[in-house]
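**Q** The sequence isn't on hand, but the structure is:
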């Protein structure tokens, strides 16, 4: 079982954040501790897909419909991005029951 298949049914939930997009860069500010995080173009696209309703698998599918990239490579990268977002306290995971 891959890390992606374990996470596929989880819902990503954004914390109390403000997002501003300038060009291809996302600037995320946590309204509780005022920490600022800069996201590259791919991370910004993923972050914008996080709405508290889509599962990780649905987010991956939406992304893959718009960007031509190898699915296996993207799934590994998405897992790393989710871990990074969690580490920065930008998202939380909820199991889709």
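**A** Now that the structure is in, tell me what you want to look at. Keep in mind the model is a prediction, meaning the values are calculated, not measured.
**Q** When you work out contacts or count neighbours from here on, use the C-alpha atoms and nothing else.
**A** Noted.
**Q** Check the offset of stretch 38-57 from the chain's centre.
**A** Taking the mean of its C-alpha atoms, stretch 38-57 sits 4 Å from the chain's own mean (C-alpha atoms, centre = their mean, to the nearest Å).
**Q** Could you do stretch 5-24 as well?
**A** Stretch 5-24 has its C-alpha centroid displaced from the chain centroid by 4 Å (C-alpha atoms, centre = their mean).
**Q** Would you mind measuring the gap between the ends of it?
**A** Distances were taken as C-alpha to C-alpha, to the nearest Å; on that basis the terminal residues of stretch 5-24 are 29 Å apart.
**Q** For this structure, just list every one of the strands.
**A** Using DSSP state E, the strands of the chain run over 10-14, 17-22, 25-30, 36-39, 91-95.
**Q** helices or strands up against the last one?
**A** Contacting strand 91-95 under the criterion 3 or more C-alpha pairs under 8 Å, 6 or more residues apart in numbering; DSSP states H and E are the following elements: strand 10-14, helix 71-87.
**Q** closest to residue 35 out of those?
**A** Smallest distance to residue 35 across the helices and strands packed on strand 91-95 (C-alpha to C-alpha): 12.8 Å, for helix 71-87.
**Q** Now that closest one: average pLDDT?
**A** Mean pLDDT, taken over the full extent of helix 71-87, equals 93.
**Q** For burial, what's the neighbour tally of residue 38?
**A** 15 (other C-alpha atoms under 10 Å).
**Q** Make residue 1 into 368 and carry on from there
**A** In the new numbering, first residue 368, that becomes residue 405.
**Q** Is it in contact with residue 394, as I believe?
**A** Yes - because the distance of 4.8 Å satisfies C-alpha atoms under 8 Å, residue 405 is recorded as touching residue 394.
**Q** quick revisit: deepest of the helices and strands packed on strand 458-462, which one?
**A** strand 377-381 (a mean of 22; mean count of other C-alpha atoms under 10 Å).
**Q** Who are the packing partners of that strand?
**A** Partner elements for strand 377-381 (3+ C-alpha pairs under 8 Å, 6+ apart): helix 423-433, strand 458-462.
**Q** repeat that with 10 Å
**A** Based on contacts counted as 3 or more C-alpha pairs under 10 Å, 6 or more residues apart in numbering; DSSP states H and E, the elements that strand 377-381 packs against are helix 408-416, helix 423-433, helix 438-454, strand 458-462.
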